[in-house]
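Undergrad: Below: sequence and its predicted model.
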Amino acid sequence: MYEIHDVYVAATPSNVFDSPVRVLETIALKKVILIKIKKNKVTKPFSVDYSEWINLLASESLVKVPDPLGDLPSIPPKLPQAAEKRLKQVSNITSALSIIPDFLTNKKALNAKIKQIAASLDLTEKTIKVWVSDWLQAGRNTVAVVSKFVVKEHQVANPPKSGTKRGAKPHLLSADTGVPSYEVEPQITKAYDTYIIQQRMTWKDAFHEMLLSVYKLPPESISEGTDGLLLNPALAKKHSVPTWRQFRYRCRQLKKANVQLETESPRGSRGKASDYAPGPGFYEIDATHFQIQLVSRITKSLLVGRPTVYLIVDTYDGAIAGYAVSLENPSWAIAALALHNCFSDKSLVFERLGLPYSSADWPCHHLPTLLRADRAELVSNMGHNFPQSGIRVEITPSMTPIAKGTVEGKNAELKNTRGSRYDLPGRFSKKRERRAPDGKKTAALNIFEFEKILVEIIMDLNNTAVDPKKIPPDALSEGPKVATRIGLHRWALANRAGFTRNMGPNFTYEYLMTNGSGRIAPLGILFQGETYTCDHLRSSGLLSASINHAIKVKVSYNPLLASEIFFYDPSIKSWLQAFNTDPEIYDIRASFPEVKEFRAIQKQLVSQAELNHYSKRRISVRAVKAEVQKSVLEKRNSLMGSRGVDIRQNRAQERANERSSGMNGALSLSPITETGSLPSRPAPTPDAEHNKNDISMWDEVDAVNIIK
């Protein structure tokens, strides 16, 4: 019917709904916390009865309208240095307030926390309250505090107006009676002890009782016209009564000095977590190792070990709202997958796994009001931005699984053997005894087949019956379908609404993925030693603009995949995908830590190769130097040629000497056989007489050449 952060306006304006109101929270189906949206004005949260709120919506007295502050970006563009500092302070303040479960209803706890924050940040409490008001009016968007620095295209800069005196102004005509504080201090102290300490009156009632009883005002001071005490300054000065500000200030001083007004320490209560959940929207998350051995998707003969399973459970009805399964170790990256699955439509999961279900069979696709987790992923440096999304995160104490018993119980039910229904091969006991099977011999399921069976088990658990006492009286008419966990969850989304909200288009990039900061260079986005690029960087001119000066860009990434990142372009207010320029990263599908180790090994190999090369070069340089010295010495000892040196003739002779068969000796030719022998000069027949008396023709030619 309605969700958190929805904006409504009254069809007929009234004193309460004289401006748009935003839904902040629903308290135990008793109250709905609202806040008025007024530009440049501080407003405080107020509450209306849940039944009255439902009647206003049912009668269409309140109409849902588009968010008037919806055009504010969740990530601002480049801001001045002072504005960035303020935005960082606001993020820290809102994160600290979001940890307090009842900060919207417990005024005392809120003021104490604001006072503590003001002291730590050296700010005034009024400044922090103004920032918190802007943050709540914008639907927990911290950019609202620095909205005046966010330049919008359709806005025209307003010229500055002449300033006036700032500060709180009295809203009562008789605020300044001229009575000094020391004259009225005894009466205020007496009224504080009598009416506030003993009779437990409110401060306002005690102030009125003091005026009537201590100062004994005449009847004419109580008038329905314009002559009353608080409307006529002359009458207030006549009786020398203190002002409300004087009374309130003195009560604050007395309260600080009075140790008897300290609240008692909270006492624990026993029961189930679902006893205090007024509706769907209060989730618990936990990770577990499933005791089963899986095999590779390439071949069944390769073992890959046991999987990690994340579950998210709604404490109101015990329905499993989301899951994630992976071979990675428990980390924020896998928890983010479970959260994304929890907040997304499940029809894509059924289509990917080939299961005969639809989104109506698993209607869990909302953001919760509260997420309870242990001291693991949500307190790491990877998921520190998640509490800024407006979802209140509760971190349970260490070594206390009972603090989130709902999801712990679901883990136990999920890992139950159920031999009659799900006899999974490769299962083994968590506390394995001696000689007990470890599941390695019988393992036959890969990660895809296991996930398919896991979803079937989850659907089976969601359709189990609930405790009969959990069925509300107004749900009995729905029949047996409301007696299941998922049926009760489906009914409560419409009849116990007010604790969930939908996931925005950029929620995954801003709060689920790990955030960082990159730098645009002419080659692409430089991030953690890697370079990423995409077509948008070239078409938008960002690569060319980065030649003159570096451009910083906000980056979101999956720590388990270093081949891609997502960056935010404020010009189009959208997140875009960029890819690693190194194709080897795609082939190995490495994570960011693995890429970092991979680059370190590469640098080590290069360093070792440089050392090896230098050690060899030392020896070769010595040999070269010795050869050069030998050549120089031979040159010195040789006869000097004539001045008319014919370099061309010498060069031709040297080239002829280099020429040889088989490409100058480059080819390794086989020995020549008799059948394929080349023609050669015929050997002279042995003729002793001819050799003695005659000279052959060729010998004469050679002799002539020698003489010449």
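TA: Thanks, I have it. The model shown is predicted, which means the values in this text are computed figures rather than measured ones.
Undergrad: Distance of the residue nearest to V179 when sequence neighbours are not counted relative to L493?
TA: Sequence neighbours aside, S240 is the residue nearest to V179 in space, at 5.0 Å (criterion: Cβ to Cβ, 6 or more residues apart in numbering). For glycine as for every other residue, the C-beta is placed from the backbone atoms N, C-alpha and C. Counting by Cβ to Cβ, to the nearest Å, the separation of S240 from L493 is 61 Å.
Undergrad: between the two, who's got more neighbours?
TA: L493 (19 against 14; other Cβ atoms under 10 Å).
Undergrad: does the closest residue to the more buried one other than its chain neighbours sit in a helix, a strand or a coil?
TA: Spatial nearest neighbour of L493, excluding adjacent residues (Cβ to Cβ, 6+ apart): P280 at 5.9 Å. In three-state terms, and counting by DSSP: H, G, I helix; E, B strand; the rest coil, P280 is coil.
Undergrad: Per-residue pLDDT of D102, please?
TA: The score at D102 is 80. That number is its pLDDT.
Undergrad: And F247, how far from K44?
TA: 21 Å.
Undergrad: Also A403?
TA: If you go by Cβ to Cβ, the gap between A403 and K44 works out to 32 Å.
Undergrad: Between those two, tell me which one has more neighbours.
TA: Ranked by neighbour count (other Cβ under 10 Å), A403 and K44 place A403 first, with 16 against 12.
Undergrad: Correct me if wrong: that one contacts I395.
TA: No. Using Cβ atoms under 8 Å, A403 makes no contact with I395, being 9.4 Å away.
Undergrad: picking up where we left off before, so what's the residue nearest to L493 up against?
TA: D314, Y316, D317, A319, H366, H489, A492, L493, R496, F499, T500 (Cβ atoms under 8 Å, 6 or more residues apart in numbering).
Undergrad: at 6 Å what do you get?
TA: Contact partners of P280, counting by Cβ atoms under 6 Å, 6 or more residues apart in numbering, are D314, Y316, H489, A492, L493.
Undergrad: cool, and P425?
TA: Counted by Cβ under 6 Å, 6+ apart, P425 has contacts T442, A444.
Undergrad: Is it correct that it falls within a strand?
TA: No. Counting by three-state DSSP, P425 falls outside a strand, being coil.
Undergrad: Which residue comes closest to P330 once chain neighbours are left out?
TA: A287 (4.1 Å).
Undergrad: I meant to write T396 there.
TA: With Cβ to Cβ, 6+ apart, the residue lying closest to T396 is A403, at 3.7 Å.
Undergrad: thinking again about what came up before, gap between the residue nearest to V179 and L217?
TA: 11 Å.
Undergrad: Could you check how far Q649 is from W203?
TA: For Q649, the distance to W203 - Cβ to Cβ - is 120 Å.
Undergrad: Comparing these two, which residue is more hemmed in?
TA: More crowded of Q649 and W203, by other Cβ under 10 Å: W203, with 17 against 9.
Undergrad: What's the mean pLDDT across stretch 146-161?
TA: 57.
Undergrad: Below-threshold pLDDT in the stretch 551-700 of the chain: ranges please.
TA: Applying pLDDT under 70 to the stretch 551-700 of the chain picks out residues 641-645, 671-700.
Undergrad: swap the cut-off to 50 and go again
TA: 688, 692-693 (pLDDT under 50).
Undergrad: what about the helices in it?
TA: Listed in chain order, the helices found in the stretch 551-700 of the chain under DSSP state H, counting those that start in this stretch are 583-588, 592-637, 647-658, 661-665, 688-693, 697-707.
Undergrad: Run the chain-centre distance for the fourth one.
TA: If you compare the mean C-alpha spot of helix 661-665 with that of the full chain, they lie 69 Å apart, counting by Cα atoms, centre = their mean, to the nearest Å.
Undergrad: From the rest of the structure, what touches it?
TA: Contacts for helix 661-665 (Cβ under 6 Å, 6+ apart): L669.
Undergrad: cutoff 8 Å now
TA: Against helix 661-665 from outside (Cβ under 8 Å, 6+ apart): E658, S668, L669.
Undergrad: Rebuild those residues as JSON lines, extending it with distance to E433 and neighbour count.
TA: As requested, those are exported to JSON lines (distance: Cβ to Cβ, whole Å; neighbours: other Cβ atoms under 10 Å):
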{"residue": "E658", "distance to E433": "82", "neighbour count": "8"}
{"residue": "S668", "distance to E433": "69", "neighbour count": "6"}
{"residue": "L669", "distance to E433": "74", "neighbour count": "9"}
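Undergrad: Looking at those residues, which is nearest Q187?
TA: Nearest to Q187 among these: S668, at 119.9 Å, using Cβ to Cβ.
Undergrad: That closest one: what's it in contact with?
TA: G662.
Undergrad: next one: A600
TA: If you count contacts by Cβ under 8 Å, 6+ apart, then A600 has nothing around it.
Undergrad: before we move on, the earlier item: between A403 and I395, which contacts overlap?
TA: D374.
Undergrad: What residue spans form the domains of this protein?
TA: For the chain, the structural domains run 1-68, 74-152, 181-242, 279-495, 513-593, going by automatic domain parsing.
Undergrad: hey, least reliable of those by pLDDT?
TA: In terms of mean pLDDT, the lowest-scoring of the domains of the chain is domain 181-242 (a mean of 79).
Undergrad: ok, the strand or helix carrying V63: who's next to it in the sheet?
TA: For V63, the host element (DSSP states H and E) is strand 62-65. Applying DSSP bridges, strand 62-65 is found paired with strand 7-10 (antiparallel).
Undergrad: export the following helix or strand past the partner strand as PDB, just CAs?
TA: Later in the chain than strand 7-10, the nearest helix or strand by DSSP H and E is strand 21-27. Provided in PDB are the C-alpha atoms of strand 21-27 (Å, rounded to 0.1, in the frame of the first residue of the first chain):
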ATOM      1  CA  VAL A  21       5.000  14.700   3.900                       C
ATOM      2  CA  ARG A  22       7.500  11.900   3.500                       C
ATOM      3  CA  VAL A  23       7.200   8.500   5.200                       C
ATOM      4  CA  LEU A  24      10.300   7.800   7.300                       C
ATOM      5  CA  GLU A  25       9.400   4.700   9.300                       C
ATOM      6  CA  THR A  26       6.600   2.500  10.700                       C
ATOM      7  CA  ILE A  27       6.800   1.700  14.400                       C
END
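Undergrad: Can you tell me what sits against the very next helix or strand once past strand 21-27?
TA: The C-terminal neighbour of strand 21-27 among helices and strands, as given by DSSP H and E, is strand 31-36. The contact list for strand 31-36, computed with Cβ under 8 Å, 6+ apart, reads 18-27, 43-50, 53, 104-105, 133, 136-137, 498.
Undergrad: what distance separates the start and the end of stretch 30-45?
TA: Using Cα to Cα, to the nearest Å, the end-to-end distance of stretch 30-45 comes out at 16 Å.
Undergrad: now the contacts of strand 31-36: which count as buried?
TA: Buried by 16 or more other Cβ atoms under 10 Å: 20-27, 43, 45, 47, 50, 53, 104, 133, 136-137, 498, out of the contacts of strand 31-36.
Undergrad: Was I right to think V455 contacts G354?
TA: No. With contact defined as Cβ under 8 Å, V455 does not count as touching G354 (10.5 Å).
Undergrad: what about these two, which has more around it?
TA: Taking neighbours as other Cβ under 10 Å, V455 and G354 compare with V455 leading, 21 against 7.
Undergrad: Contacts only, for the more buried one.
TA: Neighbours of V455 in contact, by Cβ under 8 Å, 6+ apart: Y323, V349, F350, L353, L355.
Undergrad: what would the residues you listed look like in CSV with secondary structure?
TA: Shown next, in CSV, are the contacts of V455 (three-state DSSP):
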residue, secondary structure
Y323, strand
V349, helix
F350, helix
L353, helix
L355, coil
